[in-house]
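Chemist: My questions concern the predicted model and sequence given below.
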Amino acid sequence: MLAVYKKELRTYFTSVIGWVFIAFMLVLVGLYFMIFNLMYGYTNFSYVFQGIQMFFVLLLVPVLTMRIVAEENRQKTDQLLYTSPVSISKIIVGKYLALISLFGISMLIVCIYPLILSGLVKEAATGTESVDFAIAYGSALGFFLLGSAYIAIGMFISSLTESQVIAAVASGVIMIFTYLMGSLATLLPSDHTFVFCFFAVLIAVAAVGLNFWIHNVWVSALTGIIAEAVLTAFFILKTEAFDGLLKSALDSISVVERYDNFLLGIFDVSALIYYVSVSFLFVFITIQRIKKQRV
């Protein structure tokens, strides 16, 4: 795993990928730092992370992760890599750690900005206003966890195709949905009939996805039928429980909504567990996907 990690990390800095990612990240941070903290005079550095969040999720992560597995598939070097003495699990974990290390390097540079802002505030003699480092570095920690979860999702999508372009576009579309999930939930009807139909369709789509994954029509169909039957029974017995359930469900799994407490300087343990779990889940299913493809 260590050898894979070193190789991947070295590749980022011997090619333009790593430097371009860090450069774009710092350009975005510098732009919003100038707007919010220098031009408008805000001492709250978390505004910068709020500003760059959408660009990071919808642009930087898809571009960073699009080649990580798709390129191996396209060049057919995946067969050589996956038949090496190193296990697939160690290879994928090594690749993932290299990605978040690159992201972590950019975040370490970004962490200098609150110190610069603190020095500027002192020079300006603004009186009682000062930089709240708990909020600044709390939001930085939360942003790193958020980014790590999205990178894991992007890596999984990259494992599904041989095309970097398809991987980037698919990642962008999926991440748009996860980014706007909370807002979309408020636009959808909240009555129990719509919620029931929504979950019924979702189960059907999940059954199709399961068939794509395991290539067993009977198991996929049986799983879908059982899930639909359980949903229907629950709807009949607890109809009122479906009112507003969709919004609650989408809010509870929203990747972005969990970040809000970090912006306030609150160390949210449940959000920490959530981001680590999402990262672990998508790294795990990436490994399982490749193992199945290998067979």
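Modeler: Yes, it's here. Residues are numbered from 1 along each chain as shown.

Chemist: show me where the stretch 151-295 of the chain has helices.
Modeler: Taking DSSP state H, counting those that start in this stretch, the helices of the stretch 151-295 of the chain run over residues 164-179, 181-187, 192-214, 217-237, 245-253, 260-263, 269-294.

Chemist: so which of the ones you listed gets nearest Ser130?
Modeler: Of all the helices of the stretch 151-295 of the chain, it is helix 260-263 that lies closest to Ser130, at 18.0 Å by C-beta to C-beta. Where C-beta positions appear, they are placed from N, C-alpha and C, glycine not excepted.

Chemist: So which elements touch that closest one?
Modeler: Secondary-structure packing of helix 260-263 (3 or more C-beta pairs under 8 Å, 6 or more residues apart in numbering; DSSP states H and E): helix 46-55, helix 133-158.

Chemist: in that helix, what counts as buried?
Modeler: By 16 or more other C-beta atoms under 10 Å, the buried positions in helix 260-263 come out as Asp260, Asn261, Phe262, Leu263.

Chemist: which of the helices of the stretch 151-295 of the chain sits most buried?
Modeler: Most buried of those, by mean neighbour count (mean count of other C-beta atoms under 10 Å): helix 260-263, with a mean of 19.

Chemist: Return the distance of it from the chain's centre.
Modeler: Between the centre of helix 260-263 and the centre of its chain there are 16 Å (C-alpha atoms, centre = their mean, to the nearest Å).

Chemist: Give me whichever of the helices and strands packed on helix 260-263 is most buried.
Modeler: Burial of the helices and strands packed on helix 260-263 is given as mean neighbour count (mean count of other C-beta under 10 Å); helix 133-158 ranks first at a mean of 23.

Chemist: Please work out the average pLDDT along that helix.
Modeler: Helix 133-158 shows a mean pLDDT of 92.

Chemist: Please apply the same query to stretch 240-257.
Modeler: 78.

Chemist: mind saving the C-alpha coords of that stretch as PDB?
Modeler: Output of stretch 240-257 as PDB, limited to C-alpha atoms (Å, rounded to 0.1, in the frame of the first residue of the first chain):
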ATOM      1  CA  GLU A 240     -49.100   9.700   8.700                       C
ATOM      2  CA  ALA A 241     -45.400   8.900   9.300                       C
ATOM      3  CA  PHE A 242     -44.800   9.500   5.600                       C
ATOM      4  CA  ASP A 243     -45.800  13.200   5.800                       C
ATOM      5  CA  GLY A 244     -42.500  15.200   5.500                       C
ATOM      6  CA  LEU A 245     -40.500  12.000   5.600                       C
ATOM      7  CA  LEU A 246     -38.700  12.700   2.300                       C
ATOM      8  CA  LYS A 247     -37.300  16.000   3.500                       C
ATOM      9  CA  SER A 248     -36.100  14.500   6.800                       C
ATOM     10  CA  ALA A 249     -34.500  11.600   4.900                       C
ATOM     11  CA  LEU A 250     -32.700  13.800   2.400                       C
ATOM     12  CA  ASP A 251     -31.500  16.200   5.200                       C
ATOM     13  CA  SER A 252     -30.200  13.300   7.200                       C
ATOM     14  CA  ILE A 253     -28.000  11.900   4.300                       C
ATOM     15  CA  SER A 254     -27.000  15.300   2.800                       C
ATOM     16  CA  VAL A 255     -23.300  15.600   2.600                       C
ATOM     17  CA  VAL A 256     -23.300  19.400   2.600                       C
ATOM     18  CA  GLU A 257     -25.800  20.000   5.500                       C
END
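
Chemist: That concludes my questions; thank you for your assistance.
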